[in-house]
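Peer 1: Just a sequence and a predicted model for now, questions to come.
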There are 2 protein chains.
Amino acid sequence: MPNFMEIALQEAEAAAQRGEVPVGAVLVSSAGEILARAGNETEALRDPTAHAEMLALRIAASRRESPRLAECDLYVTLEPCAMCTAAISFARLRRVVFAAYDPKGGAIEHGARFFSQPTCHHAPEVIGGVEERRAGALLKKFFALKR
Amino acid sequence: MPNFMEIALQEAEAAAQRGEVPVGAVLVSSAGEILARAGNETEALRDPTAHAEMLALRIAASRRESPRLAECDLYVTLEPCAMCTAAISFARLRRVVFAAYDPKGGAIEHGARFFSQPTCHHAPEVIGGVEERRAGALLKKFFALKR
């Protein structure tokens, strides 16, 4: 099976080169098929909802012709925010694997901790910290250049 | 100025007639111009992110050619969920006016209470309960018919 986090990191790098916050995501079926891969596109699409995870969910749901993606897994280079965490729940994903933790904006292990709320009606399995250093280095470099 | 919640309620009614959960949203500029109006389309678009608020934000941002909608207001018939609440924050809206409270899935006054989290970096003014009974009655009728 391919290294899905590696592909997510490639998407994050491509996002950085477009001037977008470098976050990448890959959505994978239970058979290991890549249904969608995406990087952040909030600036290019002029869309505040166009985080990598949201784009990957929307592309995969469109391919599956269903708003629900049960048994699918998401690989993403940064801990998802509240928007993406709730969208992951709505899509009923099986598993979320993320790289860097995000104390400032994350909503799985930080802040809203959405999967632990009584208003969350589906919580996937979560694995954090995979390739954490590489994903974090990409973000640090991006924001250092911005300043 | 038009009654924006009335227009949001019309969008919710139209959503119900399409078999979608009846929620409607209207996005308004500071000058009182309607930038976007939308109803839920998760089933029709096969998109788990296609809540009325998200569609309205995306349409308005596209019209404004910016992912940020400062000074704009959102009128929505149901308390926004965590996904929409975070998206509202990212878009930097000035004010959110909602009708029915949503103890099961809301994220402003319930659950994640996103605008009160340290991971929320912009919180709009919030007015809840406007036309609460009408919006709630639409939802109750929809779910009663579903059973």
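Peer 2: Perfect, thanks for sending it.
Peer 1: So for residue A:1, what's the pLDDT?
Peer 2: With respect to pLDDT, residue A:1 has a value of 67.
Peer 1: Residue A:43 now?
Peer 2: 95.
Peer 1: three-state assignment of it?
Peer 2: coil (DSSP: H, G, I helix; E, B strand; the rest coil).
Peer 1: ok, it - contacts?
Peer 2: Residues near residue A:43 by CB atoms under 8 Å, 6 or more residues apart in numbering or on different chains: A:18, A:19, A:20, B:67. Where C-beta positions appear, they are placed from N, C-alpha and C, glycine not excepted.
Peer 1: those strands in chain A, which residues are they?
Peer 2: A:24-28, A:34-39, A:73-78, A:95-100, A:125-128 (DSSP state E).
Peer 1: How many residues are close by residue A:127?
Peer 2: The number of residues packed near residue A:127 is 12, by other CB atoms under 10 Å in any protein chain shown.
Peer 1: Bridged to the nearest residue to it once chain neighbours are set aside, which residues?
Peer 2: The shortest distance from residue A:127 to any non-neighbouring residue, by CB to CB, 6 or more residues apart in numbering or on different chains, is to residue A:97 (4.6 Å). Note on residue A:97: beta-bridge partners residue A:75, residue A:127, judged by DSSP bridges.
Peer 1: Redo the strands of chain A as CSV? Include mean pLDDT.
Peer 2: Formatted as CSV, the strands of chain A follow (pLDDT from 0 to 100):
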stretch, mean pLDDT
strand A:24-28, 98
strand A:34-39, 98
strand A:73-78, 98
strand A:95-100, 98
strand A:125-128, 98
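Peer 1: Would you format those strands as CSV with distance to residue A:109 included?
Peer 2: Formatted as CSV, these follow (distance: least, CB to CB, whole Å):
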stretch, distance to residue A:109
strand A:24-28, 17
strand A:34-39, 22
strand A:73-78, 12
strand A:95-100, 9
strand A:125-128, 6
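Peer 1: still on that earlier bit, quick one: which of the contacts of residue A:43 is nearest to residue A:8?
Peer 2: residue A:20 (14.2 Å; CB to CB).
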